[in-house]
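[1] 3D model of this:
(2 chains)
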Number of protein chains: 2
Amino acid sequence: MTDFAKTRALFHVPEGIVYMDGNSLGPLPIAAKERVAKMLTDEWGEQLIRGWNSAGWYVQPRRVGDRVGKLIGAPENTVVMGDTLSIKVYQALASALDLNPKRKAVLSDSGNFPSDLYMAQGLLGSLGKDHVLKVVEPEEVEQAIDESVAVLMLTEVDYRTGRLHDMKALTQKAHAVGVITIWDLAHSVGALPVDLTAAQADFAVGCTYKYLNGGPGAPAFIYVAPKHAETARPALSGWMGHAAPFAFDLDYAPAPGIERMRCGTPPVIALTALDAALDAWEGVSMQEVRKKSIELIDLFIAEVEARCPDLVLASPRDGQKRGSQVSFRHAKGYAIMQALIARGVIGDFRAPDAIRFGVTPLYLARDDVVQAAETLEDIMTNRLWDRPDYLRKAAVT
Amino acid sequence: MTDFAKTRALFHVPEGIVYMDGNSLGPLPIAAKERVAKMLTDEWGEQLIRGWNSAGWYVQPRRVGDRVGKLIGAPENTVVMGDTLSIKVYQALASALDLNPKRKAVLSDSGNFPSDLYMAQGLLGSLGKDHVLKVVEPEEVEQAIDESVAVLMLTEVDYRTGRLHDMKALTQKAHAVGVITIWDLAHSVGALPVDLTAAQADFAVGCTYKYLNGGPGAPAFIYVAPKHAETARPALSGWMGHAAPFAFDLDYAPAPGIERMRCGTPPVIALTALDAALDAWEGVSMQEVRKKSIELIDLFIAEVEARCPDLVLASPRDGQKRGSQVSFRHAKGYAIMQALIARGVIGDFRAPDAIRFGVTPLYLARDDVVQAAETLEDIMTNRLWDRPDYLRKAAVT
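    Below is the predicted model of the structure:
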């Protein structure tokens, strides 16, 4: 049984703050402070260059990758850490296109995070005129999967509304017509159970600064299904993904398996913070996290709808059809969120009109979401969003 | 006048260690410990998502980029931090090829760091059959620059021997025949004076964990000459390089100038460590660092040659023609370096037979290099490299 009081104690949430933006940047895991300090002092400081072996820095991207893998149904040696999510999207897409060379279309949807679409546009721009990116509405994806498509590239959870794609069903449909799949798990990992093996996903990527609490700009991950691991060509072919990095050959030769998806020198300090953050998941049941997340969001929706009739639910009402976040629409959304933040309830705003709340059972409880709804009621009832002292700068995803 | 006793006190070098591997991983700047701890506690911990604005995380890649820019003759707003050097090589090369679309050859040399060549191979592999990577010997570069070449991509300082290319002359020759240049400054920045503006370099990239002491896997940088900044197409087109990242448009539009070379979410913890490390350069004259570096290496060569006749100098004898490192060849090079490390003199080994020493005046003095030569003499004279307890695992670049 997951002890949520115990997990809550692992995080620093400032006094007086209800933090409902963990879907954008998770809070500081208390253990990360000590772990990073120790890495700086005892590893970098004392071991210097030797730390690559003696402190395990060299193998860290795959060791930490295996820890992330456990949360997404990925077997050992199929996940590696590094770079940013945008870079990992590029890497996955370049490899996937290579595996399906006769087709030229990439299919995605308008609910994908824009950076994923931008990276695809950048890659396709380099590949030449034959390649196209086809972006449809989320509900049109299933019928748009056909034999013209090389790669289906989707984010499982819509960053705006939390709407959840059926990864398994869409992957099955894709495979039936020879399409390779890439799943962006940015808003899934640590938010809900994911089983890449059961879904038969080909590639998956994600970031670790949201529900995994790895810190601002924490490293990303990439998963390659075992069936592709020995054939995928890494377009971002750096020396750490070379079969023999220290032979300093002039020609690239990919390392076996997932190691080839490493690229440059790994970000050791950031990986150390992430490694400490992942300790919070020891002994935690993702099924129980999911159950609690749905309960808390259902409660929050009920409280908000009862108290704030002007706010329109933008997320699926059915908990099974959304991730671990919820959004409401209002023409004054931006100002409402600024007022909320000024009152200590931190969520965020997504253009054009959505206020968005991440719900994270590891450190958020029933009292928190009720308090958030009460504060929101006060702001709506008294039109506090017009108060100039509440106007603040916007936050970042 | 640069006070090297003062700069020395800024770094933690463990008791009993002579550290001559700062060309691979610089030592811990003492200020980095406190700065990172403060960032974790006061910024991430207390400000949470708001830190992107309130703690300046969002502008950090360019603010820190400007600090690096000062060390390489780059004007403000021409350098931005992020990713790894390998990724930045890819980014620069993709943009440079785009600026010279009628030509298909990339010229480099066998003294370039292999990862740069690998990244070029990966990119050219995606672009199709017309593109070629031509790798010549370092001394053949000048005559190989002709009108068939689209991009000249070189590392200024050879990672094996320290041999220095003439950046200004080669760039001039390249421009005379319509070739775009990319300079990798991995072993230059913080090692010797660099003036990208005077050299008229088109693109430059580099890492910050060597002579800039940013920590293992510290972020890389990219410079784009002002004349290209508004036309370069970023193939790695992520949302942080978008003209309006928070509009969440579905289509990519590059940000003005160097901002477009940002890609994903920046690595804030690592940038904070680097920012602290850069404080060491305040009040330091790069000309004096260069002068002292040449003096120290000249002294080291003289001491080693007098004491160890079996070691063959692999670096240019003329200080003006090498970077801030020196190598010697010996068939037993690997074992000799392991013995040296076991005795507290840390350098590294580069296949097939070179022992390599970085010389870093900020924290290395005459006594250190004499002591290193004495230890080397003892090992060579008494053939201590065969002692099994001296066998250790190899270090990493």
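
[2] what is the burial count for the residue in the stretch 251-397 of chain A positioned nearest to chain B?
    Nearest to chain B, among the residues of the stretch 251-397 of chain A, is A:G264, at 2.8 Å (Cβ to the nearest Cβ). The way it works is simple: take the backbone N, C-alpha and C, and place the C-beta from them, glycine included. Other residues lying near A:G264 total 26 when counted by other Cβ atoms under 10 Å in any protein chain shown.

[3] how about the nearest residue to it, chain neighbours excluded?
    B:T84 (2.8 Å; Cβ to Cβ, 6 or more residues apart in numbering or on different chains).

[4] what about that neighbour, how many residues close to it?
    For B:T84, the count of nearby residues is 29 (other Cβ under 10 Å).

[5] which helix or strand contains the residue of the stretch 251-397 of chain A closest to chain B?
    When elements are assigned from DSSP states H and E, A:G264 belongs to no helix and no strand.

[6] residues in contact with it?
    Going by Cβ atoms under 8 Å, 6 or more residues apart in numbering or on different chains, A:G264 touches A:82-83, A:238-240, B:83-87, B:115, B:220.

[7] kindly reformat those as TSV containing secondary structure.
    Below are the contacts of A:G264 laid out as TSV (DSSP: H, G, I helix; E, B strand; the rest coil):
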residue	secondary structure
A:G82	strand
A:D83	coil
A:G238	coil
A:W239	helix
A:M240	helix
B:D83	coil
B:T84	coil
B:L85	helix
B:S86	helix
B:I87	helix
B:S115	helix
B:A220	strand
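
[8] residues contacting A:P61?
    Here A:P61 is in contact with A:80-82, A:219, A:240, A:262, A:266, A:271 (Cβ under 8 Å, 6+ apart).

[9] are any of the residues you listed buried, and if so which?
    Among those, those scoring as buried are A:80-82, A:219, A:240, A:262, A:266, A:271 (criterion: 16 or more other Cβ atoms under 10 Å in any protein chain shown).

[10] near chain B too, which of those?
    A:82, A:219, A:240, A:266, A:271 (Cβ under 8 Å from any Cβ of the partner chain).

[11] so for the last one, what's the nearest residue that isn't a sequence neighbour?
    For A:L271, ignoring the flanking residues on the chain, the nearest one in space by Cβ to Cβ, 6+ apart is A:Q60 at 5.1 Å.

[12] just the second one next, same as before
    Nearest residue to A:P219, sequence neighbours excluded (Cβ to Cβ, 6+ apart): A:M81, at 4.8 Å.

[13] you'd agree that neighbour is up against A:L274?
    Yes: with contacts defined as Cβ atoms under 8 Å, A:M81 counts as touching A:L274 at a distance of 7.5 Å.

[14] need the overlap of contacts for the two.
    A:64, A:208, A:219.

[15] the second one: what's it in contact with?
    Okay, so that is A:T208. A:68, A:81, A:189, A:214, A:218-221, A:274, A:277.

[16] that one: what secondary structure?
    Of the three states, A:T208 takes coil under three-state DSSP.

[17] next up, the contacts around the residue in the stretch 1-150 of chain A positioned nearest to chain B.
    Going by Cβ to the nearest Cβ, chain B is nearest to A:T84 of the stretch 1-150 of chain A, at 2.8 Å. By Cβ under 8 Å, 6+ apart, A:T84 lies in contact with A:207, A:217, A:219-220, B:83, B:238, B:263-265, B:267.

[18] which positions within the helix or strand of chain A with the lowest mean pLDDT qualify as buried?
    Least confident helix or strand of chain A, by mean pLDDT, DSSP states H and E, is strand A:348-350 with a mean of 93. Neighbour-count burial for strand A:348-350 flags A:348-350 (criterion: 16+ other Cβ under 10 Å).
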